[in-house]
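S.K.: what would the 3D arrangement of this be:
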Amino acid sequence: MSDIAAKRRPAAKANWWRPASVWALYALGLAPAIWYFYLGATNQLGVDPVKTFEHVLGIWALRFILATLCITPLRDLAEINMMRYRRALGLLGFYYVCFHFLVYLVLDQRMDVGMVIQDIIKRPFITFGMMALVMLIPLAITSNNWSIRTLKKGWTLIHSFIYEITALATLHFAMSRKVIGLEIMIYIAIAVLLLGYRFARPTIMARRRAKKKAARMQAGLDQAK
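M.R.: Numbers count the residues shown, from 1 in each chain. Down below sits the predicted model:
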């Protein structure tokens with residue numbers, strides 16, 4: 001065995017927890033859906049269990065979508081690198097959007113496709129929700145290493161639509177409620193901050209790089225004295 005191979009094995013063993021932590025995130029992320037399904041099946045979701053189940057699945061979908069967008073600011077501003085979890089968070093968001101839609105289609109509208117189409121046309125918040133779901137599909141399909149290698153810049157373009165999806169999902173959530181309460185305002189504020197960071201990021205990162213460069217130059221001058 002070569003020295004390089006010998007070094008790789010201990011490193012691989014030391015990092016076993018990384019893929020395990022991603023799978024743990026999937027299990028933890030799907031737990032709310034399983035729990036609320038159990039509550040619904042045992043008649044513990046109140047007077048309108050279908051609407052309640054549909055609602056909580058939608059909230060969790062939005063939470064995971066927002067959490068996905070938090071990964072980059074955390075790395076940039078707080079130097080907390082959680083990039084390995086970004087794909088899992090994004091896919092969990094997609095799964096919950098699908099669960100949310102299936103409850104609406106199967107339990108709420110009882111597979112009445114005509115009624116669903118009418119809702120999409122006549123009710124703007126459902127229109128926004130369907131747009132978000134449709135736009136999420138190519139992101140979910142290409143959330144794998146093969147797609148990254150094959151599509152290259154195309155992959156980056158496809159996944160840049162996560163920002164538009166976030167805006168649509170937030171609008172869908174806010175407009176689906178009759179009263180804009182504190183909870184909705186918090187989600188809107190988080191979404192606005194994350195979407196705003198997208199546009200502010202180039203300037204912020206340029207300033208941070210300039211500061212680091214100046215610090216390195218100053219450190220070099222101090223050492224030269």
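S.K.: C-alpha from now on. contacts and neighbour counts both.
M.R.: Fine.
S.K.: just checking, residue 63 touches residue 94?
M.R.: No. Counting by CA atoms under 8 Å, residue 63 stays clear of residue 94, with 11.0 Å between them.
S.K.: report the buried residues of stretch 65-84.
M.R.: If you call a residue buried by 16 or more other CA atoms under 10 Å, then stretch 65-84 has these buried ones: 65-73.
S.K.: need the contact partners of stretch 74-85.
M.R.: Applying CA atoms under 8 Å, 6 or more residues apart in numbering, the contact partners of stretch 74-85 are 22, 25, 71-72, 205.
S.K.: ok, 7 Å please
M.R.: Outside stretch 74-85, the residues that touch it by CA atoms under 7 Å, 6 or more residues apart in numbering are 22, 71.
S.K.: using PDB, write down the CA coordinates of it.
M.R.: Only the C-alpha atoms of stretch 74-85 are listed here, as PDB (Å, rounded to 0.1, in the frame of the first residue of the first chain):
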ATOM      1  CA  LEU A  74     -24.000  31.800   6.900                       C
ATOM      2  CA  ARG A  75     -20.900  30.800   5.000                       C
ATOM      3  CA  ASP A  76     -20.200  34.300   3.800                       C
ATOM      4  CA  LEU A  77     -20.900  36.300   6.900                       C
ATOM      5  CA  ALA A  78     -20.500  34.000   9.800                       C
ATOM      6  CA  GLU A  79     -18.000  31.500   8.300                       C
ATOM      7  CA  ILE A  80     -20.300  28.600   9.200                       C
ATOM      8  CA  ASN A  81     -19.900  26.100   6.300                       C
ATOM      9  CA  MET A  82     -23.000  24.000   6.000                       C
ATOM     10  CA  MET A  83     -22.900  23.500   2.200                       C
ATOM     11  CA  ARG A  84     -23.100  19.800   2.500                       C
ATOM     12  CA  TYR A  85     -26.600  20.100   3.800                       C
END
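S.K.: can you give the distance of stretch 19-39 from its chain's centre?
M.R.: With CA atoms, centre = their mean, to the nearest Å as the basis, stretch 19-39 stands 15 Å off its chain's centre.
S.K.: shaky segments in the chain?
M.R.: 1-14, 16, 220-222, 224-225 (pLDDT under 70).
S.K.: center of it - which residue?
M.R.: residue 65 (2.6 Å; CA atoms, centre = their mean).
S.K.: which is the next helix or strand following the helix or strand it falls within?
M.R.: Under the criterion of DSSP states H and E, residue 65 resides in helix 49-78. Downstream of helix 49-78, the first helix or strand assigned by DSSP H and E is helix 86-102.
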